[in-house]
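In: Following is a predicted model, sequence given first.
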Amino acid sequence: MRADYVGEAIHLRGLVEFSNYCRCNCLYCGLRRENKAVSRYRLQPEELVRTALFAAELGYGTVVLQSGEDLFYTGELLAQIIKEIKAKTNLAITLSVGERTEEEYALWRQAGADRYLIRHETADPALYAALHPQRTQRERVGCLQTLRALGYEVGSGFMVGLPGQSAETLASDLSLLRELDVDMVGIGPFIPSPSTPLAEESGGSFERTVNLVALLRLMLPEANIPATTAMGTLRPNGREIALAAGANVMMPNVTPTRYRPLYEIYPGKICTGEEAGECRLCIEGRIKSIGRTVGQGQGESLKYRKRNAAAGKYA
Ligand code: SAH
Ligand code: SF4
């Protein structure tokens, strides 16, 4: 199915983790606001732009700008950064900065942002409420719908093995993704993070996550599906296994090396010691080792391309 629909190409996204400040308190995440054990950092705007330009130099067609929910980056400031990157490169820009207002999402879209990643995390509303103080699933799903209406290519996803999650919850996760008709889906095992309320819980199963990647490819054959860092963290060749199960995207890190260990959403995260150029070579080697090819261009999802063609946006 993967070969028939999206072919052999694996699209690469240069990932910039530009701030670990976060106003949220998600129970599972090492960057949650109440975790005082984290030294906080943020790239200044010039450094963020420079890092994105470097990603373009390394040959990536897309840059993913990800952070905690950090309001230092106001709507206006992030819009300026997006405009500057767009003016200087041919990069597609994917944002992953959490829940913000519709006005901000619209501003960023007008500034040139192409895509947005915001996982629904879990389709069980009660579990969602238990894991996200002061937040609701309705708001999270509302963000996905707003982003979609604004013309973004949208990505959602969930964690596998959250405490309190059952097989039924996972079935609901799949149904919700189908309902939302997402262009991209990223999933990964839950990995317990020290200094969080879930530190002593057991983590998600690698095998179950791989099976879910395969199910996602069958259910959403035209979607872009990454082999996530969390899968590579549980097994040395975890991402290659995910690629063999149906994934077609990888997200090599381009964050300046000195910040990487501080973006510790979960422990043991891979690729924190390397330079961006080394990551590029490492990922290419992994892709070649399984007989696949590196995708060219911006690598938007087939789903998104067809949707726009149907709406007459491509001549
Ligand atoms: N702040 C933004 C983006 C950064 S968090 C947001 O929350 O949308 C990116 C993703 O990391 C989250 O969507 C979540 O699914 C994942 N994550 C957080 N803590 C994790 C953990 N302990 N194990 C595995 N994945 C985790
Ligand atoms: Fe913040 Fe995202 Fe972590 Fe939640 S998952 S605490 S929003 S960085």
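Out: Yep, it's here. Ligands and ions are numbered 1, 2, ... in the order given.
In: Please give me every residue in contact with Gln80.
Out: Pro45, Ala111 (CB atoms under 8 Å, 6 or more residues apart in numbering). For glycine as for every other residue, the C-beta is placed from the backbone atoms N, C-alpha and C.
In: Near ligand 1, which residues of the stretch 1-150 of the chain are found?
Out: Applying CB under 6 Å from any ligand atom, we find that the stretch 1-150 of the chain lies next to ligand 1 at Tyr28, Cys29, Gln66, Gly68, Glu69, Ser96, Gly98, Ile118, Arg119, Glu121.
In: so the fourth one touches Gly30, yeah?
Out: No: taking CB atoms under 8 Å as the definition, Gly68 is not a contact partner of Gly30, at 10.3 Å.
In: shared neighbours of those two, anything?
Out: With CB under 8 Å, 6+ apart, Gly68 and Gly30 have no common neighbours.
In: on that earlier part again, run through the residues of the stretch 1-150 of the chain next to ligand 1 and flag the ones next to ligand 2.
Out: Filtering those for proximity to ligand 2 by CB under 6 Å from any ligand atom leaves Cys29, Gly68, Glu69, Gly98.
In: out of these, who has the most neighbours?
Out: Most neighbours among those, by other CB atoms under 10 Å: Gly68, with 24 neighbours.
In: List phi and psi for that one.
Out: With angles defined as degrees, to the nearest 10, Gly68 shows backbone torsions of phi -70, psi 180.
In: Phe190 against Gly204, yeah?
Out: Yes: using CB under 8 Å, Phe190 and Gly204 qualify as a contacting pair, with a distance of 4.3 Å.
In: what touches both of these two?
Out: Overlap of the contact sets of Phe190 and Gly204 (by CB under 8 Å, 6+ apart) consists of Met159, Val160, Gly161, Leu162.
In: Now for the second one: which residues touch it?
Out: Applying CB under 8 Å, 6+ apart, one finds that Val160 lies in contact with Leu170, Ile187, Gly188, Pro189, Phe190, Gly204, Ser205, Arg208, Thr209, Leu212.
In: Mind doing that once more with 7 Å?
Out: The neighbours of Val160, taking CB atoms under 7 Å, 6 or more residues apart in numbering as the test, are Ile187, Gly188, Pro189, Phe190, Gly204, Ser205, Arg208, Thr209, Leu212.
In: and which of the residues you listed is nearest to Ala130?
Out: Closest to Ala130 out of these is Phe190 (13.7 Å), distances taken as CB to CB.
In: got a list of contacts for the longest strand seen in the chain?
Out: For the chain, the longest strand by residue count, based on DSSP state E, is strand 9-19. Applying CB under 7 Å, 6+ apart, the contact partners of strand 9-19 are 42-43, 48, 51-52, 55, 58, 60, 62-68, 70, 73, 94, 224, 243, 248-255, 259, 263, 283, 287, 292-295, 299.
In: Among those residues, which ones are in helices?
Out: Leu48, Thr51, Ala52, Ala55, Leu243, Ile283, Ile287 (DSSP state H).
In: Just put these in CSV and tack on pLDDT.
Out: Rendered in CSV, the data for the ones in helices among the contacts of strand 9-19 read as follows (pLDDT from 0 to 100):
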residue, pLDDT
Leu48, 98
Thr51, 98
Ala52, 98
Ala55, 97
Leu243, 98
Ile283, 95
Ile287, 97
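In: Just the closest of those to ligand 1, please.
Out: Proximity of the ones in helices among the contacts of strand 9-19 to ligand 1 (CB to the nearest ligand atom) peaks at Leu48, which lies at 15.3 Å.
In: and the closest one, what is it in contact with?
Out: The neighbourhood of Leu48, defined by CB under 7 Å, 6+ apart, consists of Val16, Phe18, Ile81.
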